[in-house]
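A.B. asks: Just the structure for this:
(2 chains)
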There are 2 protein chains.
Amino acid sequence: MAGKLYGVGIGPGDPELITIKARRIMGEADVIAVPKTADEKASVALEIALEATEQKKEILELLFPMSRDKELLAKSWESASAQIRERLDDGRDVAFITLGDPTIYSTYMYIHKKLLSDGYHAEVIPGVTSFCAAAAKAGISLGENNEAIAIIPSAYECKNMENIINDFNSIVLMKVWKDLDSMAAKLEGEGLLDKSVLISNCGMENEIVEYDWRSLRSEKISYFSTVIIKKNGVK
Amino acid sequence: MAGKLYGVGIGPGDPELITIKARRIMGEADVIAVPKTADEKASVALEIALEATEQKKEILELLFPMSRDKELLAKSWESASAQIRERLDDGRDVAFITLGDPTIYSTYMYIHKKLLSDGYHAEVIPGVTSFCAAAAKAGISLGENNEAIAIIPSAYECKNMENIINDFNSIVLMKVWKDLDSMAAKLEGEGLLDKSVLISNCGMENEIVEYDWRSLRSEKISYFSTVIIKKNGVK
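C.D. replies: This is a model prediction of the structure:
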């Protein structure tokens, strides 16, 4: 019988923020598959997964380029799917780990759909998102009562920020490290800079929670950085 | 020494989707505080918490009215804070449990801010949100690449739905049970009904995942119901 594929969210980085189910699945799986890109994500996720399982497993590193080139991406998904399929055909269960939650900006879901359509069994195990962990660390609500929340994965290329700023009380900006200065200037122009907080490396050793983040330099914060804006204030 | 307050997210309902940290905190705390309202939330959260701790604790039920009356709400927060403060002053740690994540539409954050400003120690333990669990169950991404995500807690009173539908590829509607028919009609008018999926009681016994949810009746689904809309489809 073919093995089963699991897309496992391992939470924001603190190994204690893994769910009981994710730990069980990683413990039972025969293979831990980990996405590897040019950034540091792969090693962080892998470290956390290995710490949680405490057992020797096959570690399958899957290369995904940091690219928007559709053909290149489709090739990498095809190659990753083929490597996973090989193990499933051997009757081995594969846990594909992902930082945060697999349904929030993760490569996993492409593989999931592909292997489901090939007739394999696949299941998504949700995890704690980085933005919830960031809000928890800052001690603020992302949403209260009937307030809507906007999650913007890369604000520097968001075409309708003005509308979103008008329509939402709470706005989460992910991956802000790419364009910190112009983001700060934009928020200052909207009168929102002092109603925002930046959280970097949440739950990790080099964590930063900074309300006055205008003077932070991109090199001081990591890929794992989030800005939370609340029109009614973040303090 | 005064005890410490923890706001503990216990995830969407499946006891295995509690984090290792949340389980540890609930196990170590002297008091489990649980918000109680007119709906069934309290008992579900409490059941899950008790299943996870397997120990006898003081259970402190805190009454919060389902109301928008600010004075009434402020009174209930004051009363809840006072009851928690009493236990903290006795040197007891209190775990205030919340379904999902404490930063997403939870009463906890009011208590958190109040007791922090009174000089007590308080910490938020993030959890898996209901909308991530719902997307995982339906096997779909909430966001891919540079797509923004909108979380709408109560669409029936959302004044700028048209803008949000224009600006976002992925829209999460929470608490849809209140006005299912008009929501379905609205989405049909926008050509989005067949690009949506309804998930009710995610991870619980009476779970429903329904793509063609137009004919569902409000009484068949629960308070814990979410509709996910994706303009590029949900299948």
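
A.B. asks: Just the buried residues of stretch A:50-70, please?
C.D. replies: A:50, A:52-53, A:57, A:60, A:62, A:64 (16 or more other C-beta atoms under 10 Å in any protein chain shown). C-beta coordinates here come from the backbone N, C-alpha and C atoms, glycine included.

A.B. asks: From the opening residue of that stretch to its closing one, how far?
C.D. replies: Chord length of stretch A:50-70, first to last residue, is 32 Å (C-alpha to C-alpha, to the nearest Å).

A.B. asks: Just give me the neighbour total for residue A:72.
C.D. replies: A count of neighbours around residue A:72, defined by other C-beta atoms under 10 Å in any protein chain shown, yields 11.

A.B. asks: give the contact list for it.
C.D. replies: residue A:65 (C-beta atoms under 8 Å, 6 or more residues apart in numbering or on different chains).

A.B. asks: in which helix or strand would I find it?
C.D. replies: Using DSSP states H and E, the element containing residue A:72 is helix A:70-89.

A.B. asks: Work out the gap between that helix and the centre of the chain.
C.D. replies: 20 Å (C-alpha atoms, centre = their mean, to the nearest Å).

A.B. asks: Per-residue confidence, residue A:48, what does it come out as?
C.D. replies: In this prediction, residue A:48 carries a pLDDT score of 79.

A.B. asks: That one contacts residue A:16, doesn't it?
C.D. replies: No - in this structure, residue A:48 is not within contact of residue A:16 by C-beta atoms under 8 Å, at 10.2 Å.

A.B. asks: Counting neighbours around each, name which of the two comes out higher.
C.D. replies: Legend: neighbour count by other C-beta under 10 Å for residue A:48 and residue A:16, higher for residue A:48 (22 against 15).

A.B. asks: elements contacting the helix or strand that one falls within?
C.D. replies: Residue A:48 belongs to helix A:41-53 when elements are defined using DSSP H and E. Contacts defined by 3 or more C-beta pairs under 8 Å, 6 or more residues apart in numbering or on different chains; DSSP states H and E place helix A:41-53 against helix A:20-28, strand A:31-36, strand A:58-63, strand A:94-98.

A.B. asks: Find the residue at the geometric middle of chain A.
C.D. replies: Note on chain A: the residue nearest the mean C-alpha position is residue A:100, at 4.5 Å, using C-alpha atoms, centre = their mean.

A.B. asks: OK, contacts around it?
C.D. replies: Taking C-beta under 8 Å, 6+ apart, we find residue A:100 in contact with A:9-12, A:106, A:127-130.

A.B. asks: Repeat the analysis, applying 10 Å as the threshold.
C.D. replies: A:9-13, A:17, A:45, A:106, A:126-133, A:174, A:224, B:132 (C-beta atoms under 10 Å, 6 or more residues apart in numbering or on different chains).

A.B. asks: Can you check what angle separates the helix holding residue A:48 from strand A:94-98?
C.D. replies: Interaxial angle, helix A:41-53 versus strand A:94-98 (axes from the mean of the first three to the mean of the last three C-alpha atoms, to 10 degrees): 120 degrees.

A.B. asks: how far does helix A:41-53 sit from the chain's center?
C.D. replies: 14 Å.

A.B. asks: Ok, stretch A:3-12 next?
C.D. replies: That offset, for stretch A:3-12, works out to 13 Å (C-alpha atoms, centre = their mean).

A.B. asks: Export that stretch to CSV, keeping only CA atoms.
C.D. replies: Taking Å, rounded to 0.1, in the frame of the first residue of the first chain, the C-alpha atoms of stretch A:3-12 are listed here in CSV:
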residue,chain,number,x,y,z
GLY,A,3,2.3,5.7,2.0
LYS,A,4,0.6,8.9,3.0
LEU,A,5,1.7,12.5,2.5
TYR,A,6,1.3,15.0,5.4
GLY,A,7,1.8,18.7,5.1
VAL,A,8,2.8,19.6,8.6
GLY,A,9,2.8,23.2,10.0
ILE,A,10,5.4,23.4,12.7
GLY,A,11,4.5,26.9,13.9
PRO,A,12,6.5,30.1,14.0
